[in-house]
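Student: Turn this into a structure:
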Amino acid sequence: MWPPTADALVRVQRELAALSPPPWRPSCAHPLLAGCHVCFTCLASTSGRAGERGWAAAALMRAGRLIESAVAADVVGEPYEPGKLALREGPLLEAAARALSEPPELLIVRAAGRDHPRGAGLALHLGAVLDLPSIGVTDRSLQATGPEPPADRGATSGLLVDGVEVARMLRTRAGARPVVIHAGWRTDLDTASSIALAATRDFRTPEPLRCARRLARHVRAAVESG
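Tutor: Numbers count the residues shown, from 1 in each chain. I've put the predicted structure just below:
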């Protein structure tokens with residue numbers, strides 16, 4: 001499950017990075033996808049600190065249609081620290097995903113996978129905990145570098161660490177800023193990229209992740225407005 005300390009998390013991340021579970025492939029053109037997103041209190045004075053209130057949402061979709069959503073809320077016990085996001089966000093994201101009445105075929109989360117100091121970011125870790133194939137979609141890479149892809153929708157370019165592709169830039173809208181795609185649990189970069197592109201419509205971000213982000217922020221706003 002989720003390690004209780006930073007040292008324990010480092011050990012688990014290294015163990016996860018060394019695993020080679022059987023690869024997942026979609027069973028149909030429109031698999032059941034869930035986006036998971038977490039947000040925290042808006043106060044700048046508490047941003048990134050331990051003890052913040054957090055809201056996580058999960059949005060279950062197929063072919064762009066929302067089927068179900070769920071929300072979980074709690075106080076997080078850990079501060080924000082790059083490379084150790086699982087300590088802060090993992091339990092909340094897991095709770096939201098488990099609150100869905102039907103498990104998705106694949107989970108999309110705003111977190112890294114192999115583009116990580118120990119090769120196992122939260123996108124991979126969350127999928128392993130839930131035993132669900134997973135991918136990550138972020139605005140930027142954590143440590144990998146590479147050129148931007150061409151301006152056409154669907155164009156990609158590799159992001160490398162020590163000559164190894166660990167993530168991939170993907171242009172989900174022609175001319176728009178690319179997103180970074182991360183393979184997670186039981187997925188590779190080809191599968192992750194094709195799923196992310198197919199799940200993206202009018203915006204840069206895949207619809208399940210956008211929907212989950214919108215729901216989490218809506219619930220936060222309702223609570224904070226009293």
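
Student: From the chain's centre, how far out is stretch 120-128? Work that out for me.
Tutor: Centroid separation for stretch 120-128 versus its chain: 8 Å, with Cα atoms, centre = their mean, to the nearest Å.

Student: Contacts made by it with the rest, please.
Tutor: Outside of stretch 120-128, the residues within contact range by Cβ atoms under 8 Å, 6 or more residues apart in numbering are 12-14, 16-17, 19, 36, 83, 85-86, 89-90, 93-94, 97, 107, 109, 111-116, 133-136, 142, 182-187. C-beta: built from backbone N, CA, C; applies to glycine.

Student: Mind checking which of the residues you listed are buried?
Tutor: With neighbours counted by 16 or more other Cβ atoms under 10 Å, the contacts of stretch 120-128 contain buried members at 12-13, 16-17, 36, 83, 85-86, 89-90, 93-94, 97, 107, 109, 111-116, 133-136, 142, 182-187.

Student: Give me the subset of those residues lying in helices.
Tutor: Among the buried ones among the contacts of stretch 120-128, DSSP state H puts 12-13, 16-17, 85-86, 89-90, 93-94, 97 in helices.

Student: Need those residues in a markdown table (columns: distance to Gly175).
Tutor: Below are these laid out as a markdown table (distance: Cβ to Cβ, whole Å):
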| residue | distance to Gly175 |
| --- | --- |
| Val12 | 40 |
| Gln13 | 36 |
| Leu16 | 37 |
| Ala17 | 35 |
| Leu85 | 30 |
| Ala86 | 35 |
| Glu89 | 32 |
| Gly90 | 35 |
| Leu93 | 32 |
| Glu94 | 37 |
| Ala97 | 33 |
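
Student: for the residues you listed, which one is nearest Asp162?
Tutor: Ala17 (14.0 Å; Cβ to Cβ).

Student: Verify the stated contact: that closest one with Gly113.
Tutor: No: between Ala17 and Gly113 there is no contact under Cβ atoms under 8 Å: 9.7 Å.

Student: residues in contact with Arg88?
Tutor: 76, 78-81.

Student: I'd like those residues laid out as TSV, including neighbour count, secondary structure and pLDDT.
Tutor: Below are the contacts of Arg88 laid out as TSV (neighbours: other Cβ atoms under 10 Å; DSSP: H, G, I helix; E, B strand; the rest coil; pLDDT from 0 to 100):
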residue	neighbour count	secondary structure	pLDDT
Val76	20	coil	93
Glu78	21	coil	91
Pro79	14	coil	92
Tyr80	16	coil	92
Glu81	12	coil	92
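
Student: And those residues, which is closest to Met1?
Tutor: Taking the contacts of Arg88 together and measuring to Met1 by Cβ to Cβ, the closest member is Glu78, at 14.9 Å.

Student: surely the closest one meets Leu87?
Tutor: Yes: Glu78 sits in contact with Leu87 when judged by Cβ under 8 Å, with a separation of 4.2 Å.

Student: per-residue confidence at the residue nearest to Arg118 when sequence neighbours are not counted?
Tutor: Leaving out its chain neighbours, the residue that sits closest to Arg118 by Cβ to Cβ, 6 or more residues apart in numbering is Gln13, at 4.1 Å. At Gln13, the predicted lDDT confidence score is 98.
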